[in-house]
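S.K.: predicted model and sequence follow; I will ask about them next.
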Amino acid sequence: MDWIELRIDTASAGIELLETALTLNGFDSFISDDAEEFQTFLETNRDYWDIVDESLSQQMAGLSRVRLYLEDGPAAPEEIARLQALMDELHAAYPDAELGSLAITRENVRQEDWENNWKQYYVPIPIGEKLLVVPKWMEPEDDGRIPVRLDPGMIFGTGAHASTQMCMRRLETLIRGGEQVLDLGSGSGILSITALLLGAAHATGVDVDPKAEDIARENAAINGIYEDRFTAVTGNVVTGQDKLSALFSKRYDVVCLNIFADVIVAMAPVLPQFMDERSVLICSGVLNTRLPEVQAAMDSARLEILELSEENDWCCFTARRMAD
C-alpha cells in the first residue's frame, strides 16, 4: 500500500485548533511538529543541553506543522479536496486566530519507503587510519580498513558523532593486542566492538538501559564477536556496585567513558577502582564549556589527564591514575 503525506503549515498557537478540526472531520492519522513545544522542552531540561542534536534544534526552529497521512487510492483526490475546503473554512471561521498559512504540500510515500528509505542516510564512515563504520546491510570496498559493522536502526550511536570518533581514534593508538577493556555507557557497543576488532582480548560493555545490553550483543554478533570475547551488562557503577561486584574485582587495561559531563563527574570517584598504574582512561562526550568541571572531577579522583583533543566543541582526553 502506498501513502500520501500532506503537510499543513501552521503556527504554534494554532496547532490545537487545527488538530481538533482535523479529528472532528475524520482526519485522525497525523503527527504534529510544534516549534514552541520543542523550545519549552529544551528550557526545562537545561542540564542535558550538551547532548541535544544541534542540527535537530536548527531544523525545529520556527517550524510548526501537521503531517497528515492518507492512503493513495481512488478516494484520495476527494479527501484532499475536502481537507483544502476545511482549511479555507478554518480561516473564515477564525479570522483572528494565529493559524499560519494552512498551506498544504503533498508528497507520495511508497510502502517500502516507510521501511527502507531511512537507510539512504547511513553511509560508510572512515575513522582514523584503520577503521570504517559500516551499516550492516552494506558491503564496502576492501581498502584495507577494518569494518566496524552496526545496525544504526537500533539507535544508541552510529559512529557519526565527533565524541565517538575521537574515542575510536584513541583506541587505534592504544590497542596493541590482548587488552582487557571496560566500556562504561556502552550504548550500541561500538567502542567495545572497535577495541576487539583492533585486537583486544575481551571487552565488557556496561549501560544503565537494559535495551542497550541486547543491542550491543546483536551488534557484536554482526561482527562475528560472541560471549567468549564480549560481555554486555546492565547496571549503574555509581549506585549499583553490589550488583556489579564482578566488575569491581578486576583491573582493566583500557577504560572507555563516552557519555556526557554530568554523568562523567558522577562516575569519576569510582573510576580508579577499575584501573591500576598501567591502565588508560579514554573519556569523551564533554562539551568544551563543561571541561573545567570534568577536569576538577578527575583531579579529585586522582586521575591525571595526559592528552586532550577537541573537535566540533567536543573534548576527548586520556588519563591515568596518579601515583600514591
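M.R.: On my side now, so go ahead.

S.K.: what's in contact with the particular helix or strand that has residue 92 in it?
M.R.: Using DSSP states H and E, the element containing residue 92 is helix 76-93. Residues from elsewhere that reach helix 76-93 (CB atoms under 8 Å, 6 or more residues apart in numbering): 4, 6, 8, 17-18, 21-22, 25, 27, 68, 70, 97, 99, 102, 104, 106. C-beta: built from backbone N, CA, C; applies to glycine.

S.K.: swap in stretch 300-309?
M.R.: The contact list for stretch 300-309 (CB under 8 Å, 6+ apart) reads 166, 268-269, 271-272, 280-281, 295, 298, 315-322.

S.K.: drop anything exposed from those residues.
M.R.: 166, 268, 271-272, 280-281, 295, 298, 315-321 (16 or more other CB atoms under 10 Å).

S.K.: and which of these is nearest residue 172?
M.R.: Using CB to CB, residue 166 comes nearest to residue 172 of the buried ones among the contacts of stretch 300-309, at 10.8 Å.

S.K.: excluding chain neighbours, what is closest to that closest one?
M.R.: Leaving aside its sequence neighbours, residue 166 sits nearest to residue 316 (CB to CB, 6 or more residues apart in numbering; 3.6 Å).

S.K.: beta partners of the one you found?
M.R.: Following DSSP bridges, residue 316 is listed with bridge partners residue 284, residue 309.

S.K.: how much space separates it from residue 324?
M.R.: In this view, residue 316 and residue 324 are 27 Å apart by CB to CB, to the nearest Å.

S.K.: now swap in residue 101 and tell me
M.R.: To residue 324, residue 101 is 69 Å away according to CB to CB.

S.K.: so these two - more neighbours on which side?
M.R.: residue 101 (11 against 5; other CB atoms under 10 Å).

S.K.: wait, isn't the more buried one in contact with residue 14?
M.R.: No - taking contacts as CB atoms under 8 Å, residue 101 lies outside contact range of residue 14: 10.3 Å.

S.K.: burial check on the residue lying closest to residue 72 once chain neighbours are set aside, number of neighbours?
M.R.: The shortest distance from residue 72 to any residue other than its chain neighbours is 4.2 Å, reached at residue 2 (CB to CB, 6+ apart). Number of residues near residue 2 (other CB under 10 Å) recorded here: 14.

S.K.: same check on residue 311?
M.R.: 15.

S.K.: tell me the confidence at it?
M.R.: Looking at residue 311, its pLDDT reads 91.

S.K.: how near is it to residue 303?
M.R.: Going from residue 311 to residue 303 by CB to CB gives 22 Å.

S.K.: now residue 163
M.R.: 18 Å.

S.K.: would you check that residue 191 makes contact with residue 164?
M.R.: Yes - using CB under 8 Å, residue 191 is in contact with residue 164, at 7.3 Å.

S.K.: identify the contacts common to the two.
M.R.: Residues touching both residue 191 and residue 164 by CB under 8 Å, 6+ apart: residue 258.

S.K.: which one's more surrounded, those two?
M.R.: The neighbour comparison of residue 191 against residue 164 (other CB under 10 Å) goes to residue 191, with 31 against 25.

S.K.: would you list every one of the helices in the stretch 201-324 of the chain?
M.R.: All helices of the stretch 201-324 of the chain, identified by DSSP state H, counting those that start in this stretch, fall at 210-222, 245-248, 261-267, 291-300.
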